[in-house]
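Enquirer: only geometry, no sequence info:
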């Protein structure tokens, strides 16, 4: 019998269709479909030596006199940094000019180096750059929300293979954030404590969907996971805004990310994925009812008409089985411990 | 300067990123990527002669003593018809057993015959089968909502190439329906008339996004369209539920669908697409504030981390340019008029 499960954070229902269950290895990417990337590509705008191919840097982190991280405005920016917010209404039409930020975080100078395989030091720098840029961008009063995300692989929507993440700051609060904020406030009103802290608490007591734990983070497969091997990474400490993350927590998040991405890499053959840092709107930095977290979404299945139409998803795997599988994926020694090249 | 536009039905903002604008022909599928399908495939469960490969029919429409439409339960049904609704709550977890319907509408006996190229008579039968099955399924008191949709092509999530649509009836109201119902009620409360009727009215006065009009339907590109060449098909008459469609309107919808799908087929080289009939929940059949419509979504771009994370979309084309292009696509004589094979 299939099951309906509700995501407590969005109240969305998902269909867990066990009749269609597929085994984990059926999702693994075949070796022949995995491109071997060179460590340098002449025409790549993110490779060392090609710095003039991007707009000027907004940030740089160095190591041994060489850049390790570059943050640059997106050359094909979806939003414009220049200008004032100008809203227009005409009948039902609501329009604003597209003010905002769209930046790219080049995660490593090495064209072929997968984020999952970077050293903990290097992933920590990526997290540090997210925070630094968030804080800088959020100072702009035109910005209401900052989305930090990564597209890995073609099915995840990336066109450039050099490892990078993106930051988009918008002058409106995106619908997925607004919806979560509303549900979280409703819960807080009714119970007097944070919904997300409670989700984490219940998941740790249950244990069946936990993938990995660190001193500051809990990685788990959601009870009502929309798609195979999706995971949430929650900070244990209540924080509404990602910008509140502290140095020790950044280091720890880097470690947690490396483990979870490493488990996808080694267990499922480097699948395409997206991750998103779901942080509060800028003005709700100290919210008691919202709690930031990272959503990791492997792109192993296609979104079809039912999902687009209804907003409901059909997950052909069992979240508990996903978690068990991921727990069981062993990482090579070098990946499991801190690596300093 | 990019633009932000708000969808009046969902209140979701979309980024119209004109800087990245691509020309219509850049979206067209290349001839070599378009498979030529045989009119019969031995192993296809939807081809004539293979009827025993599907579960028993729930409906059949014939022509000249042969079936023209078959509706069958999905062999890998996401939901189960048997059993009682059994809801469980444990802490934050909400679970129900997966009761519902999941049926397949085989649109034609011809394996290789694209829906866009069927005769008007044949498309009318498809629409008739949707209505007949909706009415039958909605009699079941366990069903709260019925989603009717089509996945055309691999990027739209289909695994079987024989032309077919699907019907999924759920014991919960899907989030995308709930959200639209809430916004529509809010609008009605404030104004005393239907939001959707007003959208149509304003679009017809403006005219720049209209693609095609028939006596009973208006086809247009939404002002805040999420993706290139997406279109809405609205019934002119106020109806909350698709099940209220009358025979003359079904005939007319078949004609409208053939034109719009034909314009995609001839103008963009048969792109993959989904369409969804966005109808009211069953119990809101006569709602004054909701209005059913059909959403047509060509799958020409990938959904990436920003979209998954924020719920906001970046549309790299201008809706007015989409509409102008589609208006200009000429259909061959045979497709433009009624065709009786």
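Expert: Happy to help now that I have it. Bear in mind the structure is a predicted one, so any value in this text is a computation, not a measurement.
Enquirer: What's the separation between residue A:255 and chain B?
Expert: For residue A:255, the distance to chain B (C-beta to the nearest C-beta, to the nearest Å) stands at 22 Å. From N, CA and C alone the C-beta is placed, and that goes for glycine too.
Enquirer: How many neighbouring residues does that residue have?
Expert: 21 (other C-beta atoms under 10 Å in any protein chain shown).
Enquirer: looking at this, it is in a helix?
Expert: Yes: Residue A:255: assigned to a helix according to DSSP: H, G, I helix; E, B strand; the rest coil.
Enquirer: Next, find the distance separating the nearest residue to residue A:267 once chain neighbours are set aside from chain B.
Expert: Nearest residue to residue A:267, sequence neighbours excluded (C-beta to C-beta, 6 or more residues apart in numbering or on different chains): residue A:329, at 3.5 Å. Using C-beta to the nearest C-beta, residue A:329 is found at 23 Å from chain B.
Enquirer: What about residue A:329, how many residues nearby?
Expert: 17.
Enquirer: Isn't it up against residue A:263?
Expert: Yes: counting by C-beta atoms under 8 Å, residue A:263 is a contact partner of residue A:329 at 4.2 Å.
Enquirer: Just list the residues touching residue A:129, thanks.
Expert: A:59, A:61, A:69, A:71, A:105 (C-beta atoms under 8 Å, 6 or more residues apart in numbering or on different chains).
Enquirer: Tell me how far the closest residue to it other than its chain neighbours lies from residue A:226.
Expert: Spatial nearest neighbour of residue A:129, chain neighbours left out: residue A:69 (4.9 Å); criterion: C-beta to C-beta, 6+ apart. Remark: distance between residue A:69 and residue A:226 (C-beta to C-beta, to the nearest Å) = 31 Å.
Enquirer: Check residue A:183 too.
Expert: 16 Å.
Enquirer: and the stretch 1-150 of chain A, which of its residues are near chain B?
Expert: A:1-6, A:8, A:10-13, A:15-17, A:19-20, A:76-80, A:83, A:91-98, A:145, A:147, A:149-150 (C-beta under 8 Å from any C-beta of the partner chain).
Enquirer: Filter these down to the buried ones, PyMOL style.
Expert: In PyMOL, this line selects whichever of these come out buried by 16 or more other C-beta atoms under 10 Å in any protein chain shown:
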select buried, chain A and resi 2+3+4+5+6+8+10+11+12+13+15+16+17+20+77+78+79+80+92+93+94+95+96+97+98+145+147+149+150
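Enquirer: Would you pull up the residue in the stretch 101-250 of chain A closest to chain B?
Expert: At 2.7 Å from chain B, residue A:157 is the closest residue in the stretch 101-250 of chain A, using C-beta to the nearest C-beta.
Enquirer: in chain A, what residue sits furthest out from the centroid?
Expert: Relative to the C-alpha centroid of chain A, counting by C-alpha atoms, centre = their mean, residue A:91 is the outermost residue, at 37.1 Å.
Enquirer: wait, isn't it in contact with residue B:202?
Expert: Yes: here residue A:91 reaches residue B:202: they are 4.7 Å apart, a contact under C-beta under 8 Å.
Enquirer: in chain A, what secondary structure element scores lowest on mean pLDDT?
Expert: Using mean pLDDT, DSSP states H and E, the weakest-scoring helix or strand in chain A turns out to be helix A:333-336, at a mean of 59.
Enquirer: Shouldn't residue A:126 be within a helix?
Expert: Yes: using three-state DSSP, the assignment for residue A:126 is a helix.
Enquirer: tell me the helices in the stretch 201-341 of chain A, going along the chain?
Expert: Assigned by DSSP state H, counting those that start in this stretch, the stretch 201-341 of chain A shows helices spanning A:247-268, A:305-310, A:319-328, A:333-336.
Enquirer: no no, the stretch 1-150 of chain A
Expert: With DSSP H, counting those that start in this stretch as the criterion, the stretch 1-150 of chain A has helices at A:24-27, A:120-138.
Enquirer: Residue A:112: what's it in contact with?
Expert: Contact partners of residue A:112, counting by C-beta under 8 Å, 6+ apart, are A:36, A:37, A:38, A:39.
Enquirer: Give the ChimeraX command for selecting the buried subset of the residues you listed.
Expert: The following ChimeraX line selects those of the contacts of residue A:112 that are buried, judged by 16+ other C-beta under 10 Å:
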select /A:37
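Enquirer: Mind picking the two most distant members of the contacts of residue A:112?
Expert: By the measure C-beta to C-beta, A:36 and A:39 form the most distant pair in those, at 10.5 Å.
Enquirer: one step back: for the helices of the stretch 201-341 of chain A, give me a markdown table that also has distance to residue A:196.
Expert: Formatted as a markdown table, the helices of the stretch 201-341 of chain A follow (distance: least, C-beta to C-beta, whole Å):
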| stretch | distance to residue A:196 |
| --- | --- |
| helix A:247-268 | 16 |
| helix A:305-310 | 24 |
| helix A:319-328 | 17 |
| helix A:333-336 | 28 |
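Enquirer: Just name the most buried of those helices.
Expert: Highest mean neighbour count of the helices of the stretch 201-341 of chain A: helix A:305-310, a mean of 25 (counted as mean count of other C-beta atoms under 10 Å in any protein chain shown).
Enquirer: Return the residues of the stretch 151-300 of chain A in contact with chain B.
Expert: So the stretch 151-300 of chain A meets chain B at A:151, A:154-158, A:166, A:168, A:170-172, A:174-177, A:179, A:195, A:198-199, A:202, A:223, A:274-278, A:295, A:297 (C-beta under 8 Å from any C-beta).
Enquirer: Against residue A:252, how distant is residue A:150?
Expert: 19 Å.
Enquirer: And for residue A:132?
Expert: Taken as C-beta to C-beta, the span from residue A:132 to residue A:252 is 18 Å.
Enquirer: same thing with residue A:35?
Expert: Taken as C-beta to C-beta, the span from residue A:35 to residue A:252 is 32 Å.
Enquirer: and if you look at residue A:223?
Expert: Taking C-beta to C-beta as the measure, residue A:223 falls 24 Å from residue A:252.
Enquirer: got it, and residue A:193?
Expert: Taken as C-beta to C-beta, the span from residue A:193 to residue A:252 is 24 Å.
Enquirer: now swap in residue A:118 and tell me
Expert: 16 Å.
Enquirer: before we move on, what about residue A:320?
Expert: 26 Å.
Enquirer: Count the neighbours of the one residue in the stretch 201-341 of chain A that gets nearest to chain B for me.
Expert: Scanning the stretch 201-341 of chain A for proximity to chain B using C-beta to the nearest C-beta identifies residue A:304 as nearest, at 2.7 Å. Using other C-beta under 10 Å, residue A:304 has 22 neighbouring residues.
Enquirer: excluding its backbone neighbours, what's nearest it?
Expert: Of all residues not flanking residue A:304 in the chain, residue B:157 sits nearest, at 2.7 Å (C-beta to C-beta, 6+ apart).
Enquirer: dump the residue contacts of that neighbour.
Expert: A:302, A:303, A:304, A:305, A:307, B:151, B:274.
Enquirer: at 6 Å what do you get?
Expert: A:302, A:304, B:151 (C-beta atoms under 6 Å, 6 or more residues apart in numbering or on different chains).
Enquirer: All good on my end, thank you.
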